[in-house]
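Chemist: fold the following.
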Amino acid sequence: MHMHYLTAVLAALAMVGTSGVSAEQNNASPVLACVAPEKLGCGCQIRVAHQPCANRRFAHQPHMFTELDANAPLLLVIDGQDRSLKHIGHVGSSVKGDPPGRSTDLYESEDLKVKLRYTNAPSTCPKDKLDGCEFTDVKVEVTVSQRDRKAWVRKGYGTCGC
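Modeler: I've put the predicted structure just below:
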């Protein structure tokens, strides 16, 4: 009888342990890699602060990229998958770093949503440049929402332009 009781207790603990791991995975932060350089061009290149790239080969590349066109998709590598999310909404008077500088863009697929809230950062454009600036530095608040996971919000930074 004692052996059956012990087996039942161990089985119950195993089930609790398994559900605990599942709950941890559901609340785990997404793993971001960096976008390959051949996919970049004129647009917004965004890095998430204090977030290393999972793919060390592209360690100095951005975590996310979107072309300057207002409706361009967002490219990112999340949980080991290259993703392209459709642009579904924009709020604000500026577009991707243009002055006056505050805007929000929303991107999504069937299982993933990313919200980017842009504000201007101090620009590193030379003040004496005759043609004007060809890029704008931005601060970005990144919100990633995945099905069955808690939303993930981080501060980021980037550059929009050519």
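
Chemist: got any ranges where the chain has weak pLDDT?
Modeler: 1-28, 97, 99-101, 124-133 (pLDDT under 70).

Chemist: which stretches of it form helices?
Modeler: Taking DSSP state H to define them, one finds helices in the chain at 2-27.

Chemist: break down it into its strands, ranges please.
Modeler: In the chain, the strands defined using DSSP state E lie at 32-33, 43-48, 64-67, 74-78, 81-92, 103-108, 112-120, 135-146, 152-161.

Chemist: tally up the residues packed near Thr66, please.
Modeler: 27 (other Cβ atoms under 10 Å). C-beta coordinates here come from the backbone N, C-alpha and C atoms, glycine included.

Chemist: is it true that it touches Cys42?
Modeler: No: taking Cβ atoms under 8 Å as the definition, Thr66 is not a contact partner of Cys42, at 10.5 Å.

Chemist: which residues pair with the closest residue to Leu116 other than its chain neighbours across the strands?
Modeler: Of all residues not flanking Leu116 in the chain, Asp105 sits nearest, at 4.9 Å (Cβ to Cβ, 6 or more residues apart in numbering). Beta-bridge partners for Asp105, by DSSP bridges, are His90, Leu116.

Chemist: surely Asp105 meets Lys113?
Modeler: No: using Cβ under 8 Å, Asp105 makes no contact with Lys113, being 11.4 Å away.

Chemist: so between those two, which is more surrounded?
Modeler: Using other Cβ under 10 Å, the more surrounded residue of Asp105 and Lys113 is Asp105, with 24 against 16.

Chemist: distance of that one from Gly92?
Modeler: 9 Å (Cβ to Cβ, to the nearest Å).

Chemist: identify the contacts common to the two.
Modeler: Residues touching both Asp105 and Gly92 (Cβ atoms under 8 Å, 6 or more residues apart in numbering): Tyr118.

Chemist: okay, now the closest residue to Val35 other than its chain neighbours: neighbour count?
Modeler: Among residues not flanking Val35 along the chain, Phe65 sits closest, at 4.8 Å (Cβ to Cβ, 6+ apart). Using other Cβ under 10 Å, Phe65 has 22 neighbouring residues.
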